[in-house]
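> Just to be clear, the model below is a prediction. Sequence and coordinates:
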Amino acid sequence: MRERKSMLDLEYSAGLMSQSCWFVEFKKLVRMRSEGMDEEAIRKECLENNLFGAVNENRTKRMYGYLKNRLMNLDDDGVRLFVSSDLATQKLLNLVAILRGDRMFFEFVYELYREKVILGHREITDQDVNVFFTTKGNQSDVVENFSESTKRHLKSNYLNCMADANLIRLEGRKRIITVPIVESKLALYLELSGDQSILTAISGVA
């Protein structure tokens, strides 16, 4: 895994706007890395065999670029934990890899989701999400300059990734909070990796 910047050193970004949870696709990359394949071999496998089932070559290349960066946020211990874990933990590790590279999404989970859990609230509303983005816009010119279209895409992708990792459950238009069970091996891995804040965020603890 490349040396990671601390979360506060990361710039706010709209990078997740063009991405998705892509759990199945990410799992394929983690499996190949766990089998000892290097970056070039993984790239070749993804692009030449359209491993992601993308509509065209350009889309495949873009997906690979995003997923390669996500994979680089998972160290060797994380890869070993991923391949030996159950589905629920694998999905949380996919979320962890995303959070490690995206300060804004991390703060969305830490500040909005975690606070909701601590206060015992049952759901995340549109108003909650809008208040978060307004607050971040007041704190950062980068966020303030996001277009409304960008904000809509980010809101949707944040919530979809949280739902995929079982932090929330979609019931019609409601987003019901469902705090995941974090297995002890994942909790220990995050603590030893210096990611206590991510563990706190997804666990929803004070």
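Perfect, thanks for sending it.
> and F133, which of the three is it?
Recorded secondary structure, F133: helix (DSSP: H, G, I helix; E, B strand; the rest coil).
> secondary structure element for the residue lying closest to it once chain neighbours are set aside?
Nearest residue to F133 in three dimensions, chain neighbours excluded: K151, at 5.6 Å (C-beta to C-beta, 6 or more residues apart in numbering). In this view, the C-beta of every residue, glycine as well, is placed from N, C-alpha and C. Assigned by DSSP states H and E, K151 belongs to helix 148-164.
> Excluding its own residues, what touches the very next helix or strand once past that helix? List them.
Next along the chain after helix 148-164, taking DSSP H and E as the criterion, comes strand 168-171. Contact with strand 168-171 is made by 113, 124, 159, 162-163, 175-178, as judged by C-beta atoms under 8 Å, 6 or more residues apart in numbering.
> Pull out the buried members of those.
113, 124, 159, 162-163, 175, 177 (16 or more other C-beta atoms under 10 Å).
> hang on, the earlier thing: for the residue nearest to F133, report the pLDDT, please.
As predicted, K151 sits at a pLDDT of 96.
> on that earlier part again, can you name every helix or strand that the helix holding K151 contacts?
helix 87-100, helix 103-107, helix 126-139, strand 168-171 (3 or more C-beta pairs under 8 Å, 6 or more residues apart in numbering; DSSP states H and E).
> any idea how far that helix is from the chain center?
Here the centre of mass of C-alpha atoms in helix 148-164, compared against the chain's by C-alpha atoms, centre = their mean, to the nearest Å, lies 11 Å away.
> which ones are touching C46?
28-29, 52, 60, 64.
> To clarify, my last question referred to K28.
46, 51.
> do the same with C21
94, 160-161, 164-165 are the contacts of C21 under C-beta under 8 Å, 6+ apart.
> Then T60?
46-47, 50-52, 54.
> Go ahead and list the helix or strand containing it.
T60 belongs to helix 57-71 when assigned by DSSP H and E.
> mind checking how far that helix is from the chain centre?
15 Å.
> Next, the angle from it to helix 87-100.
Using axes from the mean of the first three to the mean of the last three C-alpha atoms, to 10 degrees, the direction of helix 57-71 lies 90 degrees away from that of helix 87-100.
> coming back round to it: could you dump the buried ones among the contacts of strand 168-171 into TSV with distance to G78 added?
Shown next, in TSV, are these (distance: C-beta to C-beta, whole Å):
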residue	distance to G78
Y113	22
I124	27
L159	24
M162	20
A163	22
R175	28
I177	26
